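Asker: Everything below, folded, please.
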Amino acid sequence: MPKMKTKSSAKKRFKVTGSGKLKRKHAFKSHILTKKSKKRKLKLTHDTLVHKSDEANIKQQLNLK
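Answerer: Residues are numbered from 1 along each chain as shown. Below you'll find the model as predicted:
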């Protein structure tokens, strides 16, 4: 059997933490930033965790258990 490939889009967007959770970046921080407030842009800068309901799908794309 050949090895299972990971989805390239998923491996670029998600990282696995030491405890096995998935880390992601916020959307809406790439362009059209002039109309967004400083507070809003600052909150979008920080990483966050993937929601529990989406974890199984992303782990499947990354070929994790």
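
Asker: excluding its backbone neighbours, what's nearest the spatially most central residue of the chain?
Answerer: The central residue of the chain, meaning the one whose C-alpha is nearest the mean C-alpha position (C-alpha atoms, centre = their mean), is R24 at 2.6 Å. Beyond its immediate neighbours in the sequence, the residue positioned closest to R24 (C-beta to C-beta, 6 or more residues apart in numbering) is V50, lying 5.2 Å away. Using the backbone N, CA and C atoms, a C-beta is placed for each residue, glycine as well.

Asker: Measure how buried the one you found is and give me the count.
Answerer: Counted with other C-beta atoms under 10 Å, the burial measure for V50 works out to 16 neighbours.

Asker: Distance check, it against A27.
Answerer: 13 Å (C-beta to C-beta, to the nearest Å).

Asker: correct me, but the residue nearest to R24 touches G20?
Answerer: No. The pair V50 and G20 does not pass the contact test of C-beta atoms under 8 Å, sitting 11.5 Å apart.

Asker: Contacts only, for K41.
Answerer: With contact taken as C-beta atoms under 8 Å, 6 or more residues apart in numbering, K41 is in contact with K29, L33.
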